[in-house]
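# missing the sequence, but the structure's below:
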């Protein structure tokens, strides 16, 4: 999976198409990522005390990695990612501008 935690991505498919946000968490085994302010759902939470009240909380849920694309740091548009071997290291490169990604 070429998208990592902290990357700025844009959603290219689904109900949140066009939204931009940072990757909060990545699940490489499932090919899913959690993007901030994207795919927000309401979950019912039970009360934890005997006379406390339950509540509804909003949570960001994972979306498939194929529905997001990396935002090019130079141009601000979406781009694909290339992987280049530099000696012992592998470096991710934005295809549109050729800049290295951290």
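Looks like it arrived, so ask away. What you are looking at is a predicted structure, and each value in this text was computed from that prediction instead of being measured.
# shaky segments in this structure?
Applying pLDDT under 70 to the chain flags no residue at all.
# C-terminal to the lengthiest strand in it, what's the next element?
When every strand of the chain is counted residue by residue (DSSP state E), the longest turns out to be strand 20-27. Counting by DSSP states H and E, the next helix or strand C-terminal to strand 20-27 is strand 32-35.
# next one: that next one to chain centre, how far?
The offset between the C-alpha centroid of strand 32-35 and the centroid of the whole chain comes to 4 Å, using C-alpha atoms, centre = their mean, to the nearest Å.
# Contacts for the longest strand of the chain next, please.
Here strand 20-27 makes contact (C-beta atoms under 8 Å, 6 or more residues apart in numbering) with 1, 3-11, 32-38, 60, 62, 68, 71. C-betas here are computed from N, CA, C, even on glycine.
# Which ones among these lie within helices?
The helices in this structure, assigned by DSSP state H, contain none of the contacts of strand 20-27.
# Just the buried residues out of these, in PyMOL syntax.
What follows is the PyMOL syntax selecting those of the contacts of strand 20-27 that are buried according to 16 or more other C-beta atoms under 10 Å:
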select buried, resi 3+7+9+10+11+32+33+34+35+38+60+62+68+71
